[in-house]
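build me a model:
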Amino acid sequence: MSAELEAFLRDLPLTDHHCHGVVEEDLDRRGFEDLINEGFDPPPAGTSHFESPIGLAIRRWCAPVLDLDPLVDVDRYLERRAELGAEEVNRRLLRAAGLGHLIVESGYRPGEVTDVERTGELAGVPASEVVRLEAVAEDVAASGVEAAGYADAFRSELERRCERAVGLKTIVAYRGGFAFDPRPPTREEVVEAAGRWLAAGGGRLTDPVLLRFGIYAGAERARERGLPLQIHSGWGDPDLTLHLANPSLLTDLVKELGRMGVNVVFLHCYPYHREAGYLAAVLPNVYFDVGEAITYLGPSASRLLAEALELAPFTKQLYSSDAFGLAELYLVGAAHFRRGLAEVLGGWVADGRCSPADAERIASLVAADNAARIYPTSRSPRSPGGEPVR
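Take a look at the predicted model:
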């Protein structure tokens, strides 16, 4: 590993383009362990969620920030966390992650974690918002709207929420997967589907017609405002069926969104990061990250980053942690990303496959520059090809 490259990456501010708020209350051991596992259930009797790559990583990277030795005992780590209190822990860990900008998805369990502004305040950096399409739909359903007015009410509410947003997101992967008709539904189909959903009391949206409607209505808004559309893909909690979250299943939809002038960013992707890399290589409007998987893979994060860099252009990859609930997840994601890139790119330099300047350029693109180009945080709206939308 090149010392110069390692130092460059250590000081490189990261744009975390997909993350969530953190819990501001003090947590007991059960509450903490629930947030370091994607499952819904406690670990089997006699075991702990700390006995995993993510548990090892927290003890390695977070303990020193809390004035403890690396790999300290779990009980002592949690004891020290309680001594400092949640606010001090959140500030220390978020600021130790070396972040430059947060792009926060606000639609997941919003009452349980910090909002966009508070998350940025704790991190000490600017924070922008991504709007979750399905959360908008469920709020509209709860407003008392009738089926005939659902489509217009959704568009109106989405427009309101997009006033300050820099991106949109769909979690259709969790609501049935990607094996759906990629065409936009007709107005009649939307009214009929809304009637069924509203008559059943609304709630969690799983109707494929309304999910498709939300994606296309979101794409229309994204085109108008120059916003990317994030799509969760690959691994996640048990609500999804993994093989139905393979991004290649959305090829026809992604091509249609490209014709509309909308950039698509596949999130996480593991174990389908190679499929995402292929789509990013051949379609001009596709970007991706390996997000949350970097955090959870522990020592194997370097191998994941190497595979993500195999085929796709370096201009099509981004960094995210997908941190939720725990500030530890921000720091671990950042540490694994920096160390992994240093190992991979340092190896390329050592083998004469790229220059030190090339390595720094690649790192800068993935760490922040690509996000700055496709999210409208400090530039005019642009098309997937990079030219201003007119």
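
sketch out the low-pLDDT regions of the stretch 1-150 of the chain for me.
1 (pLDDT under 70).

rerun at 50
Applying pLDDT under 50 to the stretch 1-150 of the chain picks out no residues at all.

now do the contacts for residue 184.
212-213, 216 (C-beta atoms under 8 Å, 6 or more residues apart in numbering). Bear in mind the C-beta positions are built from the backbone N, C-alpha and C, glycine included.

any idea which helix or strand carries it?
For residue 184, there is no host helix or strand (DSSP states H and E).

quickly note the distance from it to residue 191.
Distance of residue 184 to residue 191, given as C-beta to C-beta, to the nearest Å: 14 Å.

what does residue 377 give?
In terms of C-beta to C-beta, residue 377 sits 37 Å off from residue 191.

again, but for residue 334
For residue 334 relative to residue 191 (C-beta to C-beta), the value is 46 Å.

neighbour count for the two, which is higher?
Under the criterion of other C-beta atoms under 10 Å, the comparison of residue 334 against residue 191 puts residue 334 first, with 27 against 17.

how about the more buried one, nearest residue that isn't a chain neighbour?
Of all residues not flanking residue 334 in the chain, residue 97 sits nearest, at 4.1 Å (C-beta to C-beta, 6 or more residues apart in numbering).

now do the same contact list for that neighbour.
14, 16, 123, 321, 330-331, 333-335.

of the contacts of residue 184 - the most surrounded one?
Going by other C-beta under 10 Å, residue 213 tops those with 25 neighbours.

list the buried residues in the strand or helix carrying that one.
If you go by DSSP H and E, residue 213 is part of helix 208-225. Under the neighbour-count criterion of 16 or more other C-beta atoms under 10 Å, helix 208-225 has 208-223, 225 buried.

about what we covered before: among the contacts of residue 97, which are located in strands?
14, 16 (DSSP state E).

which members of the contacts of residue 97 are the farthest-apart pair?
Spatial extent of the contacts of residue 97 (C-beta to C-beta) is set by the pair 123 and 335 at 15.3 Å.

between those two, tell me which one has more neighbours.
More crowded of residue 123 and residue 335, by other C-beta under 10 Å: residue 123, with 26 against 21.

so where's the stretch 151-300 of the chain shaky on pLDDT?
Looking at the stretch 151-300 of the chain by pLDDT under 50, you get an empty list.

what are the boundaries of the strands in it?
Under the criterion DSSP state E, counting those that start in this stretch, the stretch 151-300 of the chain contains strands at 165-170, 229-233, 264-268, 286-288.

put together a markdown table for those strands, with mean neighbour count and distance to residue 309 on each row.
Listed next are these as a markdown table, based on neighbours: other C-beta atoms under 10 Å; distance: least, C-beta to C-beta, whole Å:
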| stretch | mean neighbour count | distance to residue 309 |
| --- | --- | --- |
| strand 165-170 | 24 | 24 |
| strand 229-233 | 27 | 18 |
| strand 264-268 | 28 | 15 |
| strand 286-288 | 27 | 11 |
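
now those strands as TSV including distance to residue 32?
TSV is the format used below for these (distance: least, C-beta to C-beta, whole Å):
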stretch	distance to residue 32
strand 165-170	26
strand 229-233	24
strand 264-268	22
strand 286-288	30
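
so which of those strands is nearest residue 110?
Short answer: strand 165-170, nearest of the strands of the stretch 151-300 of the chain by C-beta to C-beta, at 13.5 Å.

what helices or strands is that closest one leaning on?
Counting contacts by 3 or more C-beta pairs under 8 Å, 6 or more residues apart in numbering; DSSP states H and E, strand 165-170 packs against strand 99-105, strand 127-132, helix 133-141, helix 208-225, strand 229-233.

contacting residues around the first one?
Counting by C-beta under 8 Å, 6+ apart, the neighbours of strand 99-105 from elsewhere in the structure are 13-21, 116, 119-120, 123, 125-130, 132, 166-167, 169, 230, 330, 334, 368, 371, 375, 377.

tell me the strands beside it, with direction?
When pairing is defined by DSSP bridges, strand 99-105 lines up against strand 14-19 (parallel), strand 127-132 (parallel).

looking at these, which is buried most?
strand 14-19 (a mean of 28; mean count of other C-beta atoms under 10 Å).

that one vs strand 229-233, what angle?
Orientation check (axes from the mean of the first three to the mean of the last three C-alpha atoms, to 10 degrees): strand 14-19 against strand 229-233 gives 70 degrees.

not counting its own residues, what contacts strand 14-19?
Against strand 14-19 from outside (C-beta under 8 Å, 6+ apart): 97-105, 119, 130, 167, 169, 230, 265, 267, 289, 291, 318-324, 330, 333-334, 337, 367-368, 371-372, 375.

contact partners for residue 374?
Per C-beta under 8 Å, 6+ apart, neighbours of residue 374: 228, 263, 265, 287, 382.
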